[in-house]
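Trainee: Here's my sequence, what's the structure:
(chains A and B)
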Amino acid sequence: MRDLSLEVRRGEIFGFLGPNGAGKSTSIKMLLGLARPTSGEAFVLGVPAGDVEVRRKIGFLPEDFRFYEWLTPVELLHLHGRLCGVPSDTLRKCVPALIDLVGLSAHRDKRLENFSKGMLQRIGLAQALIHEPDLIFLDEPTSGLDPMGRRTVRDIIRAQRDRGATVFLNSHLLSEIEITCDQVVFIREGEVVTSRDMRAHQEGEVHVDVRARNLTPECLASLAKWGTPAVLDQERLTIVARSRGDLPDVLRHLVAAGADVYQFTPHRMSLEELFLSVMGEDRGL
Amino acid sequence: MGTWIMAGVTFREAARKKILWTALIAGAGFLLVFGIGLHVQVGDFRTSAVPPFLRYQIVSAMLMVGLYTVDLLAVVMTTLTSVDTIAGEITSGTIYAIATKPLARWQILIGKWLGFAGMVAVYVAIMFGGALAEGYWIGGVMAQHPIRGGMLVFLECMIALSVTFLFGTWFSTLTNGVIVLGLLGLAFMGGWLEQMSGFTEGSRLAMVGIISSLIMPSEAIWRRAAFEMESPLAGSIQFSPFADVSVPSSAMIVYAAVYLLLALVIAMVHFRERDL
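Mentor: Have a look, this model is predicted:
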């Protein structure tokens, strides 16, 4: 990692994005105290990263959750709950509910050795939530999950935010991040490249594909006042407007400037497109 | 509290390992053969002219061989069951779910150590008690100080356990196993060299043996255990593997205890400092 600087607001779902080897898992390990930075400092919930006591308020799902294979989901959750200091009475009530929440009720008495990767991810998520943490680190939580499982995890993540928890989400599934996160940060080679407020992203910048003739250079230059300079390729024009509300004005301007408009198609830049534009071409590992 | 939770789950984890059950089955097989051997020998005495005094010495020597076998089985079983407990869990990633709980790293390590110590204590009690019971009920002999002997054998196992934990915080499972078995081999050889030096009165040979015992004191602890358990007369027989010609002193027991603690402390410090 180099000059990594992050700030995550309480109560938000924070997406941590980057190509393979960017340092995402390493960053999470440093925040959890599993690895030590050679320099710099990090604070988690207001205390230095790695503090033992603050871990009572932190849940963590590792990228590839593994645990003693002879345990059943019920035993595993009781064990992790006890390690987090959850009283036995509370565990007796919340463990069945949590197993139900992650969709493993039918498998509650099976040993983990009979679990698929997706099932292990589900029970791993449950152990991260057993003590109702204030901050939850999820490293590739939907890895190995089928579409229904991904939907379940997405709903759980939102429910955690709704009860006030902060979720730090590391995932390669950009479509998942796009519909789940409030804020995303892109990192590459251990450095933050850019960040996006996803609510603003949803409401903000709009790309418009235009097909038009009789576009004058003056008309094209004047489009810049609504966003980034327009790019013309023969009769195809791409405009990046600052907001959806500007689109009627842009269209009226084109027509008033004498352009013959055949197509005017707005679309929002997907997170994947944004990711590729930020990260550039695949340069290999 | 977290330490004891880890100890409990580690005890259950260790008790589920095939190597433990294999060692118990092998141990049961050994006890069966040992019991048959004693029974046959005692039966032969009834028709032979061997004087009672010599019969007692022979059966006592057989008991010492049996206890030595138990000692070897216990030390090897301790090493093999615990060899991947730290190294393997780091490699597999199992440790992540534990090390991010509100537990200090030393609590995780000590909890695991206690879990294995409990499992080894049960194993030693079963095997050691079984061999002693057979010696008493079939052969009519009893170790001189069985409790002291049993405690020393347990101490020897704890030395092996602590060293296995120590190197498990540094190396992979396989490398750890090779190192610890190598050290046990060194201790075994050193112990016998020291014993041989007692027969030959060779001070240089004794020095080699002592240095080996200082590097890994497990075998020296067994020789002290043997001294505590065998009858004084049997121990005085020269050229016997259990002859008391070169008995490790009480200082060696203290050294072994300090060695064990030091290995654990270094393991805790390194486990606390290392990245997972």
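Trainee: what's the domain layout of chain A?
Mentor: A:13-200, A:205-267 (automatic domain parsing).
Trainee: wait, which of the ones you listed is closest to chain B?
Mentor: The closest of the domains of chain A to chain B is domain A:13-200. By CB to the nearest CB, the value is 4.0 Å. Heads up, the C-betas are built off the backbone N, CA and C, glycines and all.
Trainee: tell me the mean pLDDT over that closest one?
Mentor: The average pLDDT within domain A:13-200 is 91.
Trainee: Not counting its neighbours along the chain, what's nearest B:Gly93?
Mentor: A:Arg66 (5.1 Å; CB to CB, 6 or more residues apart in numbering or on different chains).
Trainee: who wins for proximity to B:Ala26 among the domains of chain A?
Mentor: domain A:13-200 (22.2 Å; CB to CB).
Trainee: ok, now how distant is B:Ser218 from chain A?
Mentor: To chain A, B:Ser218 is 29 Å away according to CB to the nearest CB, to the nearest Å.
Trainee: Just list the residues touching A:Asp246, thanks.
Mentor: Remark: with contacts taken as CB atoms under 8 Å, 6 or more residues apart in numbering or on different chains, A:Asp246 is in contact with A:206, A:226-227.
Trainee: Hmm, A:Glu191 is touching A:Leu6, no?
Mentor: No - applying CB atoms under 8 Å, one finds A:Glu191 not in contact with A:Leu6, separated by 11.1 Å.
Trainee: In the chain, mark out all the strands, start to finish.
Mentor: Just so you know, I chose chain A. A:13-17, A:43-44, A:47-48, A:58-61, A:135-139, A:166-170, A:183-188, A:191-197, A:206-213, A:227-233, A:236-241, A:260-267 (DSSP state E).
Trainee: Give me the sheet partners of the fourth one and which way each runs.
Mentor: Strands adjacent to strand A:58-61 in the sheet, as given by DSSP bridges, are strand A:135-139 (parallel).
Trainee: Please give me every residue in contact with the closest residue to A:Glu189 other than its chain neighbours.
Mentor: Closest residue to A:Glu189 apart from its sequence neighbours, by CB to CB, 6+ apart: A:Ala22 at 6.5 Å. A:Ala22 makes contact with A:187-190, according to CB under 8 Å, 6+ apart.
Trainee: Mind doing that once more with 10 Å?
Mentor: Contact analysis of A:Ala22 by CB atoms under 10 Å, 6 or more residues apart in numbering or on different chains lists A:1, A:16, A:186-191, A:193, A:279.
Trainee: A:Phe186 now?
Mentor: A:Phe186 touches A:15-19, A:22, A:192-196, A:271, A:274-275, A:278-279, counting by CB under 10 Å, 6+ apart.
Trainee: Please name the bridge partners of it.
Mentor: Bridge pairing for A:Phe186 - DSSP bridges - gives A:Leu17, A:Thr194.
Trainee: quick one: it and A:Thr26, what's the gap?
Mentor: Computed as CB to CB, to the nearest Å, the A:Phe186 to A:Thr26 distance reads 16 Å.
Trainee: re earlier: go through the domains of chain A and pick out the most buried.
Mentor: Highest mean neighbour count among these (mean count of other CB atoms under 10 Å in any protein chain shown): domain A:13-200, with a mean of 18.
Trainee: Does the residue nearest to B:Gly93 touch B:Ile90 like I think?
Mentor: No - A:Arg66 lies out of contact with B:Ile90 (CB atoms under 10 Å); the separation is 11.4 Å.
Trainee: which neighbours do those two share?
Mentor: In contact with both A:Arg66 and B:Ile90: B:Tyr96, using CB under 10 Å, 6+ apart.
Trainee: circling back to that earlier point, so which of the contacts of A:Ala22 would you say is closest to A:Asp155?
Mentor: A:Phe16 (20.4 Å).
Trainee: what sits opposite the nearest residue to the closest one once chain neighbours are set aside in the beta ladder?
Mentor: Once flanking residues are discounted, A:Phe16 sits nearest to A:Asn170: 4.5 Å by CB to CB, 6+ apart. Counting by DSSP bridges, A:Asn170 forms beta bridges with A:Phe16, A:Asp139.
Trainee: I figured A:Asn170 hits A:Ile136, correct?
Mentor: No - when contacts are counted by CB under 10 Å, A:Asn170 is not listed as touching A:Ile136 (11.5 Å).
Trainee: and the closest residue to B:Ser92 other than its chain neighbours, what does it touch?
Mentor: Computed as CB to CB, 6+ apart, the closest residue to B:Ser92 that is not its neighbour in sequence is A:Arg66, at 5.3 Å. Residues counted as contacts of A:Arg66 (CB under 10 Å, 6+ apart) are A:112, A:117, A:120, A:124, B:89, B:92-97.
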